[in-house]
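In: show me how the following folds:
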Amino acid sequence: DIITPAVAAPGGCLVCGDGKVVTSPDSIFAFPGHPAIPCGQLQENGLTGSIPLSQCKFLPGLILNCDCATGNLPNPATSVPLDPLNLELLEPPTNAPVESSTLAPVNPPTFSPVDPLSYAPILPATT
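Out: Here you go, the predicted model:
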C-alpha cells in the first residue's frame with residue numbers, strides 16, 4: 001500500500017501533526033480539566049474543526065498513547081441509512097395528497113350561560 005501523508009480540510013487539524021494519523025483509535029486520551037476521549041474521536045474532532053487550531057498544535061506532544069504515525073485518514077462512514085429489505089437508499093417520507101377544499105364537518109360551539117365572576121354555570125331555578 002502506498003501511504004500518502006494525511007491532510008486536514010480547511011478549518012480542521014490533524015491532532016497527531018502534519019501528515020500523521022491516530023493508529024490506536026480506541027486508546028483513551030485524558031487531559032486534566034477535560035473529559036477523557038477515545039483517540040479516534042479526538043482525531044475526528046480535529047478534522048471537523050471542533051478543536052481550535054491554536055490548541056491543536058499542542059496535541060501531538062500530548063497524545064503519545066494514540067500511537068500517531070504517517071498514514072492515510074480512515075474512510076468516513078456513510079451516514080445515509082439503507083433499507084434492510086432491498087438496500088435502496090431511503091428517502092424522506094412525502095406528505096399524502098390532500099385536497100385542500102375538503103373541510104371536515106364542524107359544529108359551532110355552544111356556550112352555556114356562565115357567571116363571569118365565578119365562571120360557574122348559571123343553573124335554571126327549580127320550583
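In: lowest mean pLDDT among the helices and strands of this structure, which one is it?
Out: helix 53-56 (a mean of 89; mean pLDDT, DSSP states H and E).
In: show the subsequent helix or strand relative to it.
Out: Next along the chain after helix 53-56, taking DSSP states H and E as the criterion, comes strand 68-70.
In: so which elements touch that following strand?
Out: strand 20-22 (3 or more Cβ pairs under 8 Å, 6 or more residues apart in numbering; DSSP states H and E). Where C-beta positions appear, they are placed from N, C-alpha and C, glycine not excepted.
In: name the residues linked to Ala6 by a beta bridge.
Out: Gly19 (DSSP bridges).
In: residue contacts, it?
Out: 14, 19-21, 70-73 (Cβ atoms under 8 Å, 6 or more residues apart in numbering).
In: please tell me how far it sits from Gly71.
Out: Ala6 is 6 Å from Gly71, where distance means Cβ to Cβ, to the nearest Å.
In: between these two, which contacts overlap?
Out: Between them, Ala6 and Gly71 share these contacting residues under Cβ under 8 Å, 6+ apart: 20-21.
In: any idea how far Val7 is from Gly17?
Out: Gly17 is 12 Å from Val7, by Cβ to Cβ.
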